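Chemist: build me a structure from this.
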Amino acid sequence: MPKKKADISTKRLISLAPNEWVQWLMEPSQIEVREIISSEFQWVSREGDVLVKAYSPDLGEFLILNELQLRYNQKVPRRMRAYTALAGEKYELPVYPVLVNLLEASSESISSSFSEEFAGLRSIQDYRVINLWEVEVDIVFERNLSTLLPFVPILKGGGKEQVIRRALRELRLQGQPGELESMLGFFATYVLDTDLVQQILRLDMAILEQSPLYREMVKRGEQRGEQRTTQRVATNMLRLGMAWEQISEVTGLSVEEVARLQQESSASEYSNSEL
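Modeler: Numbers count the residues shown, from 1 in each chain. Next up, the predicted model:
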């Protein structure tokens, strides 16, 4: 019998408890979800986005644009501006954009707005930022945020065995075993020994490896590995005395990146000579 493929999409996660999710995002308890709608536009389709049509007596009908990012990167502000504008134009409703970062990117400065000025004209887009590593894990259980259950291990205070076991029980009580358990197990390996995680969850790696989020993590890891290899080759070429422009052409790195590698290599050699 073929194994069921995992579908850990943003849409699936938010649909577990949509009202609790939007009330957590925007605080007023009167907000209710009316529909989870497509995030496909004329020129672009976004698998990581979910548009939720919501309503409150104070705000009327509006959209919540949910963007889940594995790790923040500097291209996100421009994308948030673009998708917010596209959603507003297509559905002719106000849009409340929210960026949710799953894993901390230590070297990145996280922005909560896009701002650009050109020829005296300004483009500005604010958006809400939620970093999961800053979210207290107790909120998930207190407010029935089923959407966040698979991410419990990476929440603040969530990296303990008993807390992860509690998240597992909640998923099973809500009838959400299988692929969501595997995702919970994957994030648990960030904080617990892998053998212990497999013992707690009976982790099925065959299911996990078919998850879109898992594949995205592997892809980005491979890309970082390729980047390190390219940088290593460039550094060796620098040591051979090759010109920056030539190294850039061969490796695909920008001249600025090659110059930075030259500075780092020179600093390292100086440091070693001092020892």
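Chemist: what are the boundaries of the helices in the stretch 1-150 of the chain?
Modeler: Counting by DSSP state H, counting those that start in this stretch, residue ranges of the helices within the stretch 1-150 of the chain are 10-14, 18-26, 76-91, 138-142.
Chemist: for the stretch 151-275 of the chain, same thing?
Modeler: With DSSP H, counting those that start in this stretch as the criterion, the stretch 151-275 of the chain has helices at 161-173, 179-188, 194-201, 205-208, 212-239, 244-251, 255-274.
Chemist: rank those by pLDDT, which is bottom?
Modeler: Note on the helices of the stretch 151-275 of the chain: lowest mean pLDDT is at helix 205-208, with a mean of 54.
Chemist: got the contact list for residue 192?
Modeler: By CB atoms under 8 Å, 6 or more residues apart in numbering, residue 192 lies in contact with 153, 159, 161, 164, 200. Backbone N, C-alpha and C define where each C-beta goes, glycine included.
Chemist: and for residue 126?
Modeler: Each residue near residue 126 by CB under 8 Å, 6+ apart is listed here: 112, 113.
Chemist: hey, what's it bridged with?
Modeler: Beta bridges link residue 126 to residue 113, judged by DSSP bridges.
Chemist: what pLDDT does it get?
Modeler: In this model, residue 126 is scored at 97, pLDDT.
Chemist: how does this protein divide into domains?
Modeler: If you go by automatic domain parsing, the domain ranges for the chain are 10-103+120-134, 138-208, 230-274.
Chemist: any chance of JSON lines for the ones you listed, columns distance to residue 109?
Modeler: Output for the domains of the chain, formatted as JSON lines (distance: least, CB to CB, whole Å):
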{"stretch": "domain 10-103+120-134", "distance to residue 109": "9"}
{"stretch": "domain 138-208", "distance to residue 109": "20"}
{"stretch": "domain 230-274", "distance to residue 109": "18"}
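Chemist: out of the ones you listed, nearest to residue 112?
Modeler: Across the domains of the chain, residue 112 has its closest neighbour in domain 10-103+120-134 (4.5 Å, CB to CB).
Chemist: distance between that closest one and the chain's centre?
Modeler: Centre-to-centre, domain 10-103+120-134 and its host chain are 14 Å apart (CA atoms, centre = their mean, to the nearest Å).
Chemist: many thanks, we can stop here.
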